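> Sequence and predicted structure are below.
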Amino acid sequence: MTDEPKHVKVLFLLPEDIVEDVKKIAREKGWTENDVVVSAVATLKFFEEQERKGAKILLEESDRTYQRVRMR
C-alpha cells in the first residue's frame, strides 16, 4: 500500500496573467504547472499556520531594512 495522496481533477477559472505566471514559473523550475499550483497552496498554508501561531514573517530588502509580510 502506498501513501500517495488521492488526486482529484479540478477546473479553475483564473485570470490570463496568473496562468502565464504559472507557466513561466513551471518552465523556469522544470516543474509541471500542477507542481507550481501545489507548491503555492502549500506555501500559503504554511505561512498562514505560522501566523496563527503568532509568528511574524519578515522580508529583508536589499538595503537591509525589513518589511512585515501579512498573508491575509
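Done, it's in. Numbers count the residues shown, from 1 in each chain.

> Give me the buried positions along whichever strand or helix holds Ala42.
Assigned by DSSP states H and E, Ala42 belongs to helix 33-52. Under the neighbour-count criterion of 16 or more other C-beta atoms under 10 Å, helix 33-52 has 36-37 buried. (Each C-beta comes from the backbone N, C-alpha and C, glycine too.)

> List the contacts of that helix.
Here helix 33-52 makes contact (C-beta atoms under 8 Å, 6 or more residues apart in numbering) with 22-23, 25-26, 29, 31, 57, 69-71.

> quick one: strands adjacent to the helix or strand that comes right after that helix?
Remark: after helix 33-52, the chain's next helix or strand is strand 57-60, criterion DSSP H and E. Strands that pair with strand 57-60, judged by DSSP bridges, come out as strand 66-69 (antiparallel).

> and the strand it pairs with, how far from the chain's centre?
Centroid displacement of strand 66-69 relative to its chain, using C-alpha atoms, centre = their mean, to the nearest Å, is 18 Å.

> C-alpha coordinates for it, PDB please?
Output in PDB follows, covering the C-alpha atoms of strand 66-69 (Å, rounded to 0.1, in the frame of the first residue of the first chain):
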ATOM      1  CA  TYR A  66      12.700  44.700   7.000                       C
ATOM      2  CA  GLN A  67       9.100  44.700   5.900                       C
ATOM      3  CA  ARG A  68       6.500  42.600   7.600                       C
ATOM      4  CA  VAL A  69       4.500  40.300   5.200                       C
END
